[in-house]
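Chemist: sequence unknown, structure follows:
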């Protein structure tokens, strides 16, 4: 209900209009308000800033997949973020084909799950490649056998593990693959009307091209929505880089496998003697029993040691550490 004017206010307003002190058109323009349509069935819970941050996170995720997946497939893998949008969960589920590849991920410590959808042609290509084929997809889509489902599940476990690092600038997560579904009707993780953010990755394995859809329901991300902005993301990234960079590099180096060998001695024999070797034959080396032997890390001599045994297993005891200056 509009504001009620008194008789004095009405008289003053009419007098001002008669004297030309007020412009009716100007008053109408000032009173007009910009009206924006709002759909209560599709509340805007994800802003453009939220979607942009999710794109940054999954750009990093795509780089990790393209680096790690070729180890298993022995083929070049290219991934890029294609788009991001918000839809209701029912719209996402209804748009899926049957059969489909859906990985349901428990997004610990957040309350709720997310979904990774892998296009079936990529799934068939991975299966064919893992079983020794060229990595070609099927001409006609069909259901997955038990063996094929097991192979896809192992790939989904890899996709799940790789999701930890991209999210660490927002929150430390420990995602776990809860289950693998091939029927979209069995993947109800939130109510149909809940809003979800869909990040689409374009994936190419050799000549086979498809997509990966990441479905992120609002109830799962609700507790960290204030952290899903680029300013927070970059500030946390810089802080983590300053504090943990050395420890991170050291941890990566510790995981590298380097061969270590101890050279007992050397000898030269003819090919005929080598071909005639039998169990129990002895080869004279160029070292003495009590002399030190060289220990190589990779192809670099790093130690000298004495040969011996430990619990009936051949072993060496390091006597000297060789430094770079030596």
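Modeler: Perfect, thanks for sending it. These numbers come from a predicted model, not from an experiment. Numbers count the residues shown, from 1 in each chain.

Chemist: tally of neighbours for residue 11?
Modeler: Residues near residue 11, counting by other Cβ atoms under 10 Å, number 11. Heads up, the C-betas are built off the backbone N, CA and C, glycines and all.

Chemist: which ones are touching it?
Modeler: By Cβ atoms under 8 Å, 6 or more residues apart in numbering, residue 11 lies in contact with nothing.

Chemist: Now it, what are its backbone angles?
Modeler: Phi and psi for residue 11, reported as degrees, to the nearest 10, are phi -60, psi -40.

Chemist: separation between it and residue 19?
Modeler: Remark: distance between residue 11 and residue 19 (Cβ to Cβ, to the nearest Å) = 13 Å.

Chemist: can you map out the helices along the stretch 201-326 of the chain?
Modeler: 218-221, 230-254, 271-275 (DSSP state H, counting those that start in this stretch).

Chemist: mean pLDDT lowest for which of those helices?
Modeler: Note on those: lowest mean pLDDT is at helix 230-254, with a mean of 64.

Chemist: How about residue 316, nearest residue that isn't a chain neighbour?
Modeler: Among residues not flanking residue 316 along the chain, residue 305 sits closest, at 3.8 Å (Cβ to Cβ, 6 or more residues apart in numbering).

Chemist: Who does the one you found form a beta bridge with?
Modeler: Taking DSSP bridges as the rule, residue 305 bridges to residue 293, residue 318.

Chemist: Could I get the pLDDT score of it?
Modeler: On the pLDDT scale, residue 305 is placed at 89.

Chemist: just residue 202 next, same as before
Modeler: So, for residue 202, pLDDT stands at 94.

Chemist: What is the neighbour count of the nearest residue to it once chain neighbours are set aside?
Modeler: Distance criterion Cβ to Cβ, 6+ apart; nearest residue to residue 202, sequence neighbours excluded, is residue 82 at 4.4 Å. For residue 82, the count of nearby residues is 15 (other Cβ under 10 Å).
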